[in-house]
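Asker: kindly generate the corresponding structure for this input.
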Amino acid sequence: MKQFSLAYLTVPGINPVDQIAVAKDAGFDFVSLRTIPMGLPGEPPVYLERDPDLARAIREKLRETGMKLLDIELVRIREDLPSDYRGAFEQGAKLGATQVLSSVWTQDHTFAVDRLGAICDQANQFGLTINLEFPVVSGLTTLADTMKIQDKVNAPNLKILMDMIYVYWGKVTPEDIRALEPERFGLIHLCDCPKEINTEFMQVVREGRAYCGEGAVDLAGLLKALPDSPCSIELPNTQRIAELGAAGHAARCLETAKAYCLQHGL
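Answerer: Have a look, this model is predicted:
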């Protein structure tokens, strides 16, 4: 049976302690926390390396609930952003994380390779794996370009994160995935893409992803082609949160994902 984690963007604006409680109540196996903030409106400023009280509160909530921390996010690769994340990596590893999410936000891929190489070295000091995704609006927008960066960095702890909405928009097929080495791939971000899109891509990404099985993505084919990694459900949907509340939406995300996987023998 697949294992599932609750990603931050599914319940955006939530503080980590509350997110752990929501994940536990909904029945998730893991939680995925944003402890490297992006500075977006409404985003809690969670910097555990500067806030020992919050780090202790998170550790206690994980212990109390029996939840496990899967990954922390988000290391963005860009010239004007920090180059040293060892403080965040150390705190994440102390809380049990094994994975870190990353994305590239520069068109200078030579810079990206150098910066990612350094960050992989930093992460390796704490036993962490970097998972690199290719958002449609970032500096890496295709699987092919992401693989080129992965090959040039040549770090054993650099994997490719397969977010189903970007995989779908990038026209990546199960056959494409099966033709590649399984070792290339890391975590999976699970969601569906609405069958009809009447707005900008970024609005769908941030506010309108669909529950599993209710959209246009061949999730079963893609998941069967990928290694059996944990699926972090990243499924922001402002309308569903308004209808169900953050906790109700998170629970519905997991219910539909489990039902879909059971239906398709995953």
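
Asker: confirm that residue 144 sits in a strand.
Answerer: No. Counting by DSSP: H, G, I helix; E, B strand; the rest coil, residue 144 is not part of a strand but helix.

Asker: pull the number of nearby residues for it.
Answerer: Other residues within reach of residue 144, judged by other C-beta atoms under 10 Å, total 12. No exception for glycine: its C-beta is placed from N, CA and C like everyone else's.

Asker: with the one 4 residues further on instead?
Answerer: The number of residues packed near residue 148 is 14, by other C-beta under 10 Å.

Asker: against residue 110, how distant is it?
Answerer: 11 Å (C-beta to C-beta, to the nearest Å).

Asker: also residue 249?
Answerer: 41 Å.

Asker: of those two, who's got more company?
Answerer: Taking other C-beta under 10 Å, residue 249 and residue 110 do not tie; residue 249 has more neighbours (23 against 9).

Asker: let me see the contact set for that one.
Answerer: With contact taken as C-beta atoms under 8 Å, 6 or more residues apart in numbering, residue 249 is in contact with 10, 11, 237, 240, 241, 243.

Asker: same check on residue 182?
Answerer: Applying C-beta under 8 Å, 6+ apart, the residues near residue 182 are 226, 227.

Asker: buried sites along the longest helix anywhere in the chain?
Answerer: As assigned by DSSP state H, the longest helix anywhere in the chain is helix 238-263. Neighbour-count burial for helix 238-263 flags 240-241, 246-247, 249-254, 256-258, 260-261 (criterion: 16 or more other C-beta atoms under 10 Å).

Asker: just the closest of these to residue 173, please.
Answerer: Nearest to residue 173 among the buried residues of helix 238-263 is residue 260, at 18.9 Å by C-beta to C-beta.
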